[in-house]
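Student: Would you be able to build a 3D model of this:
(chains A and B)
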Number of protein chains: 2
Amino acid sequence: MTLQGTQIIAGEFRAAGTDQVRAVSPIDGRTLPTSFAQATPDEVSQAAAAAQAAWPAFRGTDPAKRADLLRRIAQEIEGLGDELIERGRLETGLAAARLESERGRTCGQLRMFAELIEEGSWVDARITTAMPDRTPLPRPDLRRMLVSLGPVAVFCASNFPLAFSVAGGDTASALAAGCPVVVKAHSSHPGTAELVGRAVAAAVRHEKLPGGVFSLLHGPGRSVGIDLVTNEFITAVGFTGSYSGGRALFDAAASRPKPIPVYAEMGSINPVFVLPGAARERSAQIASGLTGSVTLGVGQFCTNPGMVVGMAGESFDTLAEATGREISGVEAGIMLNDRIQRAYRDGLKTLQSTGQVEQLAVGRERSPDASPEATAGQAALLRTSAAAVLAERSLSEEVFGPATLLVAADDREQMLAIARTLVGHLTCTVHATEEDLHEYADLIAVLEEKAGRLICNGYPTGVEVCAAMTHGGPFPATTDPHFTSVGTAAILRFARPVTWQGFPDAALPPELKRANPRKILRLVDGVYTREGG
Amino acid sequence: MTLQGTQIIAGEFRAAGTDQVRAVSPIDGRTLPTSFAQATPDEVSQAAAAAQAAWPAFRGTDPAKRADLLRRIAQEIEGLGDELIERGRLETGLAAARLESERGRTCGQLRMFAELIEEGSWVDARITTAMPDRTPLPRPDLRRMLVSLGPVAVFCASNFPLAFSVAGGDTASALAAGCPVVVKAHSSHPGTAELVGRAVAAAVRHEKLPGGVFSLLHGPGRSVGIDLVTNEFITAVGFTGSYSGGRALFDAAASRPKPIPVYAEMGSINPVFVLPGAARERSAQIASGLTGSVTLGVGQFCTNPGMVVGMAGESFDTLAEATGREISGVEAGIMLNDRIQRAYRDGLKTLQSTGQVEQLAVGRERSPDASPEATAGQAALLRTSAAAVLAERSLSEEVFGPATLLVAADDREQMLAIARTLVGHLTCTVHATEEDLHEYADLIAVLEEKAGRLICNGYPTGVEVCAAMTHGGPFPATTDPHFTSVGTAAILRFARPVTWQGFPDAALPPELKRANPRKILRLVDGVYTREGG
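Tutor: From the prediction side, this is the model:
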């Protein structure tokens, strides 16, 4: 398939602007084929206006129709075959196997949301029936459910060119909720974005839905991104990326004449606490699991564990040594782009410049036959004291890449103090025996205040896509702790409640009709039921 | 009970500041007994710090304990007896009967949230069980539920001294969720606030909970309010009031280093559409119901219908005449304070200054034996054309008080155009026959995009407190369309999801334990059940 290098606006290729950008492969620094036209302000407006125009019809579709769309998108993406994987590999440096697995996850997510809306209970219907004879005032019939919020802007993430990009979880959940989507591609993988964008547009056409249900724009976040977020027709924003990027979008959205929610997932250091019993019992095993989690995908995951806190002493030294050995054996991987590579190196330097951090181990260099232009990222294991972390805030800042900082606490109180001073994170992990869990219940209670997901005897990387997932957390992990961006509950970001009062059955949405024709679970006068009411 | 005129901070009376304010009765302009010390910045910090200190213990309480607290608060408020009603009457000009009914609603809400958390399913538990043998990777056990967000700031509303004030819906839902509350009293009814605040503090003491669970502060929104919203320990804000007040709090919260959500309900004009069939069939009946809704509580409700759109012609003229007759018979009521009275008069003048508005009727003046200092508000009925409304935005702005603007549309398209140009509202109402509903389905679909509640053949005032209520809506009706501030779903504002991954049963919250000891409804591997899992 020849890449067009244009916007896709309501199903049409458009390239009115003169600014062009080409992707650079992190594998060898080579400029990749096809220039991508950056969206003009007019094109941003056109995409948003098309989304708004498509919204009434799209939100009015039967959920089965939207489920068909989601499944068709998955099928179209699968139909791209190896071309998608190859372009993705060239643009991101991620291995084909990883991209294949990410494609599986992406298509799986689309089908998961299809099932969710077919089943239908996600609309959280609540019914309070009329009491015409109540005194002093009769009670009217009230029926409430979640409805589509409106057009949604989605930003592609650098580190997930498929699962958090054009047809990733944000897009899938927004479309499932009946919201048209305008995607802004990431400049690191515009070709991957175009391929997936054409698959989505083809699915929209195949389902004979209005073209404005989906558009794809290219361009910088600070211009095209801000134009999109401040466009009057956009009602919510999904974003996965850096703190500075997420915060800029949040600030732009909040200062609009009509503010809109921004669901920005901005990553975190995902602290791991190795409690004394676990450290004694299985340091070697933890060292191995931890190294895998730290270096997976060259450490480029939002859930990468960037800090490991334990109690100073023999067991923690054993853990440090074993992890050091493991880390030393890991070959440098290719990072997503040179900005990320540079930020990783600078981050490590900043940590070391504090004079408080000892480097325990570094990973192997890239094999000699690799290109010297590759954006290699070498694993690193660092160590400091809890006292240093408590005294120096910068030691707790995220270094995006395959490194982690071991933090030795002198005592229980210091470990608790570290927990208490944590900002919001996506995850917090404990390695613990049953006895540890009991003895450190207060620590775990503190961690519960700090994260969206607590992990026991596991690792934060590997975010299961399911109903029970929370991929979110208190600021600055995200800009809105009420929601998750992974799993079925992600749809709640793009819906709002509406109550129908006193309407005859014929004028009610199917989900609220007295006979409950969709057989969804509803709360009727205090009882959860799939019966009528 | 002698009023203290102080802050109540974690159960203690405090008044470090020198600024004092006294309430003025809108009934006769008389300055009421007791000066109220305005909170100092230190006192704001103390209240927030006490809330933060109380939070871990409070959120860790058994829901039954928090239910006891809510019921005890209701009992303490009821125990205040006539003193509360009398002080409320003097401070607000609202009739004793209205205040008694509002007290009933307030205590009813507290008990409703007690029942909600005792039943427990509101935590929306979702469980995905482990699949240890899954390939390529095992699936961990994942269990998710809603937990308490953190300390909440609540702002009292001028127009509901009880139900949306110190122990109103915001406070009740926040306490139910396990969030300590710091309330800022309204300067119009500080004595009422103190009485209720002492009742809440007494209940906290009675339940032997940490005093920081509740504090009450006095002072201006622009200083004390902003200090509170920008305090580092506050995690969410509940507010009911004006657009300017709500927007100021929203902006302050969004520009914090760590932004927090503001749930500001800022009112709206609650447009009413009288469709042709209904206008033909029952104009007189609608005129009477409408007048009741427009003038109820001297028009000082967020859900007051400020605009009535119909099709120009004989039926609409009949409706206008009949409503005019009804309005003319309504005696002026006492408005909540002189600022509201002035804003009401100015709002009417602004409408008339456009030259596009005809005054059809005014209500009766206040009876001659009333005080000349009373903040009387006379009802008013105005009329304009849809063309004028479409041309002149200011005709669609809320005039808070007992007035409504009839808008005559020339045709169906003009009526639809009015609907399409609406901003967000709390409610939209249609008066319609079955045939109207069918014929104007497109209009109703547009209204669904604009409001949190749609009403058929009823009136927007009278907000039922129940599971199916949505008292919210798109901006500028509220700052967050995802939530309601009335009814059981209001608790969702003050909770966020947390997932426990791989935890042994003993370390899980009761709501997530395998045996489901609380017998709540949970989504277990795709099935809603009260069984274990």
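Student: Check the gap between the residue of the stretch 301-450 of chain A found nearest chain B and residue B:218 for me.
Tutor: Scanning the stretch 301-450 of chain A for proximity to chain B using C-beta to the nearest C-beta identifies residue A:437 as nearest, at 4.5 Å. Yep, even glycine has a C-beta here, placed from its N, CA and C like the rest. As judged by C-beta to C-beta, to the nearest Å, residue A:437 and residue B:218 stand 45 Å apart.
Student: Same question for residue A:250.
Tutor: 33 Å.
Student: Pick out whichever of the two has more residues nearby.
Tutor: residue B:218 (28 against 25; other C-beta atoms under 10 Å in any protein chain shown).
Student: wait, is residue A:263 part of a strand?
Tutor: Yes - Residue A:263 sits within a strand when classified using DSSP: H, G, I helix; E, B strand; the rest coil.
Student: close enough to count as contact, it and residue A:483?
Tutor: Yes - the criterion here is C-beta atoms under 8 Å, and residue A:263 meets it with residue A:483 at 5.9 Å.
Student: Mind listing the shared neighbours of these two?
Tutor: Common neighbours of residue A:263 and residue A:483 (criterion: C-beta atoms under 8 Å, 6 or more residues apart in numbering or on different chains): residue A:493.
Student: Do a quick rundown of the strands in the stretch 301-450 of chain A.
Tutor: Applying DSSP state E, counting those that start in this stretch to the stretch 301-450 of chain A gives strands spanning A:307-311, A:333-334, A:358-362, A:376-377, A:380-385, A:403-409, A:425-431.
Student: Just say which of those strands is most tucked in.
Tutor: strand A:425-431 (a mean of 28; mean count of other C-beta atoms under 10 Å in any protein chain shown).
Student: That one relative to strand A:307-311, how many degrees between them?
Tutor: Computed by axes from the mean of the first three to the mean of the last three C-alpha atoms, to 10 degrees, the angle separating strand A:425-431 from strand A:307-311 equals 30 degrees.
Student: Quick one: mean pLDDT over strand A:425-431.
Tutor: Averaging pLDDT along strand A:425-431 yields 98.
Student: which strands and helices sit next to that strand?
Tutor: strand A:272-274, helix A:276-295, helix A:441-448, strand A:451-456 (3 or more C-beta pairs under 8 Å, 6 or more residues apart in numbering or on different chains; DSSP states H and E).
Student: Tabulate the ones you listed in CSV, adding columns for mean pLDDT and distance to chain B.
Tutor: Output for those, formatted as CSV (pLDDT from 0 to 100; distance: least, C-beta to the nearest C-beta, whole Å):
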stretch, mean pLDDT, distance to chain B
strand A:272-274, 98, 13
helix A:276-295, 97, 11
helix A:441-448, 98, 6
strand A:451-456, 98, 4
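Student: Residue A:196 is in what secondary structure piece?
Tutor: In this assignment (DSSP states H and E), residue A:196 forms part of helix A:190-206.
Student: pLDDT averaged over that helix - what is it?
Tutor: pLDDT averaged over helix A:190-206 gives 98.
Student: Would you indicate which residues of that helix are buried?
Tutor: A:190-204 (16 or more other C-beta atoms under 10 Å in any protein chain shown).
Student: which residue packs closest to the residue of the stretch 301-450 of chain A closest to chain B, ignoring adjacent ones?
Tutor: Sequence neighbours aside, residue B:507 is the residue nearest to residue A:437 in space, at 4.5 Å (criterion: C-beta to C-beta, 6 or more residues apart in numbering or on different chains).
Student: okay, the one you found: pLDDT?
Tutor: 97.
Student: average pLDDT for stretch A:464-472?
Tutor: Rounded mean pLDDT across stretch A:464-472 is 98.
Student: and the top helix by length along chain A with helix A:190-206, angle?
Tutor: Ordering each helix of chain A by length in residues (DSSP state H) puts helix A:96-119 first. Helix A:96-119 and helix A:190-206 are oriented at 30 degrees to each other (the same axes, to 10 degrees).
Student: which secondary structure elements does helix A:96-119 contact?
Tutor: Going by 3+ C-beta pairs under 8 Å, 6+ apart, helix A:96-119 lies up against helix A:63-79, helix A:82-92, helix A:169-176.
Student: Nearest to residue A:106 among the ones you listed would be which one?
Tutor: Across the helices and strands packed on helix A:96-119, residue A:106 has its closest neighbour in helix A:63-79 (6.7 Å, C-beta to C-beta).
Student: Mind giving me the packing neighbours of that closest one?
Tutor: Counting by 3+ C-beta pairs under 8 Å, 6+ apart, helix A:63-79 packs on helix A:96-119, helix A:169-176, helix A:190-206.
Student: Quick one: closest of those helices to residue B:348.
Tutor: Ranked by C-beta to C-beta, the member of those that lies closest to residue B:348 is helix A:169-176, at 43.1 Å.
Student: Heading C-terminal from that closest one, find the next helix or strand.
Tutor: Next along from helix A:169-176, by DSSP H and E: strand A:181-184.
Student: Tell me, how many residues neighbour the residue nearest to residue A:280 when sequence neighbours are not counted?
Tutor: In space, and not counting its chain neighbours, residue A:280 is closest to residue A:315: 4.8 Å by C-beta to C-beta, 6+ apart. For residue A:315, the neighbour count with other C-beta under 10 Å is 19.
Student: Per-residue pLDDT of residue A:315, please?
Tutor: 96.
Student: roughly how far apart are it and residue A:321?
Tutor: Counting by C-beta to C-beta, the gap from residue A:315 to residue A:321 is 11 Å.
Student: Which helix or strand contains residue A:523?
Tutor: strand A:522-524.
Student: So which bits of the stretch 251-400 of chain A are right by chain B?
Tutor: A:251, A:254, A:255, A:258, A:259, A:260, A:261 (C-beta under 8 Å from any C-beta of the partner chain).
Student: Of those, which belong to helices?
Tutor: A:251, A:254.
Student: so which two of the residues of the stretch 251-400 of chain A next to chain B are the farthest from each other?
Tutor: Applying C-beta to C-beta across those, the maximum distance is between A:251 and A:258, 15.1 Å.
Student: quick one on the thing from earlier: can I get the helices and strands packed on strand A:425-431 in a markdown table including distance to residue B:31 and mean neighbour count?
Tutor: Shown next, in a markdown table, are the helices and strands packed on strand A:425-431 (distance: least, C-beta to C-beta, whole Å; neighbours: other C-beta atoms under 10 Å in any protein chain shown):
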| stretch | distance to residue B:31 | mean neighbour count |
| --- | --- | --- |
| strand A:272-274 | 59 | 26 |
| helix A:276-295 | 65 | 20 |
| helix A:441-448 | 49 | 18 |
| strand A:451-456 | 52 | 26 |
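Student: nearest to residue B:403, of those?
Tutor: strand A:451-456 (47.6 Å).
Student: Using CSV, write out the CA atom coordinates for that closest one.
Tutor: C-alpha atoms of strand A:451-456 as CSV (Å, rounded to 0.1, in the frame of the first residue of the first chain):
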residue,chain,number,x,y,z
ALA,A,451,-2.0,4.5,43.1
GLY,A,452,-4.7,3.1,40.7
ARG,A,453,-3.4,-0.4,41.0
LEU,A,454,-1.7,-2.3,43.8
ILE,A,455,0.3,-5.4,43.0
CYS,A,456,1.3,-8.2,45.3
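Student: Adjacent strands (with direction) for it?
Tutor: strand A:425-431 (parallel), strand B:495-501 (parallel) (DSSP bridges).
Student: would a markdown table of those with distance to residue B:21 be doable?
Tutor: Shown next, in a markdown table, are the strands paired with strand A:451-456 (distance: least, C-beta to C-beta, whole Å):
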| stretch | distance to residue B:21 |
| --- | --- |
| strand A:425-431 | 43 |
| strand B:495-501 | 35 |
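Student: out of these, which comes closest to residue A:59?
Tutor: strand B:495-501 (25.1 Å).
Student: Quick one: distance of that closest one to the chain centre.
Tutor: 27 Å (C-alpha atoms, centre = their mean, to the nearest Å).
Student: what does that strand contact?
Tutor: Contacts for strand B:495-501 (C-beta under 8 Å, 6+ apart): A:448, A:451-456, A:458, A:468-470, A:472, A:474, A:481-484, A:489, B:123-124, B:140-149, B:177, B:507-509, B:512.
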